[in-house]
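[1] for reference, the sequence and a predicted model appear below.
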Amino acid sequence: MTIITDEFMRSMLPTTAGYTIVILKRTALYDREKQGAILWEHGRRNFSLRADGRLAIVCPIDDGSDTSGLGIFTTDVDETRRIMDDDPAVLAGIFSYEVHPCRSFPGDALP
């Protein structure tokens, strides 16, 4: 494991920026077979948000749990809530969500 010095920590911490994490949850109304068209539009919207730079990372989760996905938004908490409130799957009651402010390093990416 790489050794990180106190000096490195002090120099890096001020470079963090604010982001918003969304945890997407399936509701009791979720049924992939019956709601395929709505879920397709939800996915299309995610691609659009990524293309616009508002959704930096999107991670669908399909492990059988009630958690359906995780998104890291570049928008603040209020704007992220507005975005999520207009999501077709949220509007249809298929998904609910939690919003959490967080901080990270600009430029971080998945390998």
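    Perfect, thanks for sending it.
[2] next one: the residue nearest the centre of the chain from residue 100, what distance?
    Computing the C-alpha centroid of the chain and ranking residues by Cα atoms, centre = their mean puts residue 71 first, at 1.1 Å. Residue 71 sits 11 Å away from residue 100, taking Cβ to Cβ, to the nearest Å as the criterion. C-beta here means a position set from N, CA and C on the backbone, and glycine is covered the same way.
[3] which residues do the two both contact?
    Common neighbours of residue 71 and residue 100, counting by Cβ atoms under 8 Å, 6 or more residues apart in numbering, are 21, 22.
[4] element containing the residue nearest to residue 21 when sequence neighbours are not counted, please.
    Once flanking residues are discounted, residue 21 sits nearest to residue 100: 4.6 Å by Cβ to Cβ, 6 or more residues apart in numbering. For residue 100, the element it lies in under DSSP states H and E is strand 95-104.
[5] list the helices and strands that strand packs on?
    strand 17-26, strand 67-73, helix 77-85, helix 88-91 (3 or more Cβ pairs under 8 Å, 6 or more residues apart in numbering; DSSP states H and E).
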